[in-house]
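Chemist: give me a model of this one.
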Amino acid sequence: MPAGAAAVLLALATLPLAAGDWGHYVNGRFGFAIDVPPHFVAQGESDNGDGDRFTTPTAELRAFAGYIFKGEQTLETEASFARDAWTEDGYALTYQVTTPRFAVMSGKKGARIVYERLVAICGGEAFMGYSVEYSVADMKAFEPIIDRLTASLTPPAKC
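Modeler: Okay, here's the model as predicted:
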């Protein structure tokens with residue numbers, strides 16, 4: 001393993017101990033918020049302002065939101081769109097729970113894992129969420145990170 005990769009893995013393994021080093025992202029368009037793990041670098045908000053991407057050399061976190069078109073879609077529909085996109089990208093779905101209020105799913109492609117959480121906000125008119133992609137080798141290190149991401153995902157104060 002290259003020295004740089006070993007340093008990244010060591011940093012990821014110590015993330016839960018370095019709680020003060022976490023950042024915090026607040027989306028300007030939708031108003032949702034989420035904590036950002038240390039060493040994840042913001043890549044800049046998307047052109048439409050629906051979220052941001054944060055990366056390390058071995059992992060990626062996306063924080064995002066969107067509108068649910070009433071009468072045509074539900075949060076369950078949004079989750080099915082995500083699952084379809086994963087399948088098209090070669091991921092095998094390994095876990096899923098979908099309800100009218102939230103959806104959680106995980107998938108695997110080779111040595112990569114993706115985990116995504118969607119939460120209905122604004123009376124079901126919109127959703128917020130995050131996805132994180134990382135190496136299977138880092139699975140244990142990411143369990144507390146995912147717990148913190150989930151706990152910190154905060155809906156907007158007003159819609």
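
Chemist: pairing partners for the stretch of helix or strand His24 belongs to, with directions?
Modeler: Using DSSP states H and E, His24 sits in strand 23-26. Partners of strand 23-26 in the sheet, by DSSP bridges, are strand 33-36 (antiparallel).

Chemist: next SSE downstream of the strand it pairs with?
Modeler: Following strand 33-36 in sequence order, the next helix or strand is strand 41-42 (DSSP H and E).

Chemist: per-residue confidence averaged over that next one?
Modeler: Mean per-residue pLDDT for strand 41-42: 97.

Chemist: how about the strands in the protein?
Modeler: Secondary structure of the chain (DSSP state E): strands located at 23-26, 33-36, 41-42, 51-55, 60-67, 92-98, 102-109, 112-121, 126-135.

Chemist: got JSON lines for those, with mean neighbour count and distance to Thr154 too?
Modeler: C-beta: built from backbone N, CA, C; applies to glycine. Below are the strands of the chain laid out as JSON lines (neighbours: other CB atoms under 10 Å; distance: least, CB to CB, whole Å):
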{"stretch": "strand 23-26", "mean neighbour count": "14", "distance to Thr154": "9"}
{"stretch": "strand 33-36", "mean neighbour count": "20", "distance to Thr154": "4"}
{"stretch": "strand 41-42", "mean neighbour count": "12", "distance to Thr154": "18"}
{"stretch": "strand 51-55", "mean neighbour count": "19", "distance to Thr154": "14"}
{"stretch": "strand 60-67", "mean neighbour count": "20", "distance to Thr154": "11"}
{"stretch": "strand 92-98", "mean neighbour count": "13", "distance to Thr154": "21"}
{"stretch": "strand 102-109", "mean neighbour count": "19", "distance to Thr154": "14"}
{"stretch": "strand 112-121", "mean neighbour count": "21", "distance to Thr154": "10"}
{"stretch": "strand 126-135", "mean neighbour count": "23", "distance to Thr154": "8"}
